[in-house]
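Asks: any chance you could fold what I've pasted below:
(one chain, ligands or ions: 1)
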Amino acid sequence: MKIAIGNDHVAVALKNYIMKYLQEKNIEVIDVGTNNNDRTDYPIPAAKVSELVTSGVADRGILICGTGVGISIAANKIHGIRAVVCSEPYSAKLSVEHNNTNILALGSRVVADELAKMIVSEWLDASYEGGRHQKRIDMITQLEVSGVLSL
Ligand code: RB5
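Replies: Residues are numbered from 1 along each chain as shown. Purely as a prediction, here's the structure:
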């Protein structure tokens with residue numbers, strides 16, 4: 001599995017912690033930055049990681065900002081991205097099984113390192129269940145493409 005990872009300036013330390021964890025699991029990581037504390041607008045890493053995921057260069061993406069909110073909103077504007085911001089592992093797991101999320105967002109000001117690692121672990125280990133969930137994913141895609149839902 002190949003993971004693209006990106007973050008803004010308040011999340012460099014948590015990004016490095018998560019990267020180390022991924023590398024210990026022999027997961028290939030593409031880091032789009034930022035890697036310093038200069039202010040970085042979170043839509044920039046959101047766009048870079050999303051592009052790597054939608055193009056198939058990366059299998060999934062991880063985005064980190066202060067709350068995970070701004071960076072996940074930005075990613076969710078991109079066609080083909082289903083990003084979830086999580087602060088506990090249960091939703092992370094279910095977000096893949098039911099919603100086929102391809103980006104996990106974390107808040108460096110919300111979750112401590114160990115909890116973030118548990119969230120990432122559950123999210124990575126989960127698989128999309130398909131079946132009854134696909135119809136709903138298709139409806140989300142319809143909203144994404146046309147802005148309306150025709151029932
Ligand atoms: C940066 O100060 C902060 O606004 C950002 O990291 C994030 O929390 C936005 O959602």
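Asks: which parts of the protein sit against the ligand?
Replies: 8, 10, 42, 65-67, 69-70 (Cβ under 6 Å from any ligand atom). C-beta coordinates here come from the backbone N, C-alpha and C atoms, glycine included.
Asks: any idea which of these is closest to I18?
Replies: Within the residues of the chain next to the ligand, proximity to I18 (Cβ to Cβ) peaks at C65, which comes in at 13.2 Å.
Asks: the closest one bridge partners, please.
Replies: Per DSSP bridges, residues listed as beta-bridge partners of C65: G107.
Asks: quick one: contacts for it?
Replies: Residues counted as contacts of C65 (Cβ atoms under 8 Å, 6 or more residues apart in numbering) are 7-8, 10-11, 42, 71, 105, 107-108.
Asks: before we move on, what about H98?
Replies: Taking Cβ under 8 Å, 6+ apart as the contact definition, H98 lies against 129, 133.
Asks: burial count for G68?
Replies: A count of nearby residues for G68, using other Cβ atoms under 10 Å, gives 26.
Asks: can you tell me how far it is from L14?
Replies: Counting by Cβ to Cβ, to the nearest Å, the gap from G68 to L14 is 10 Å.
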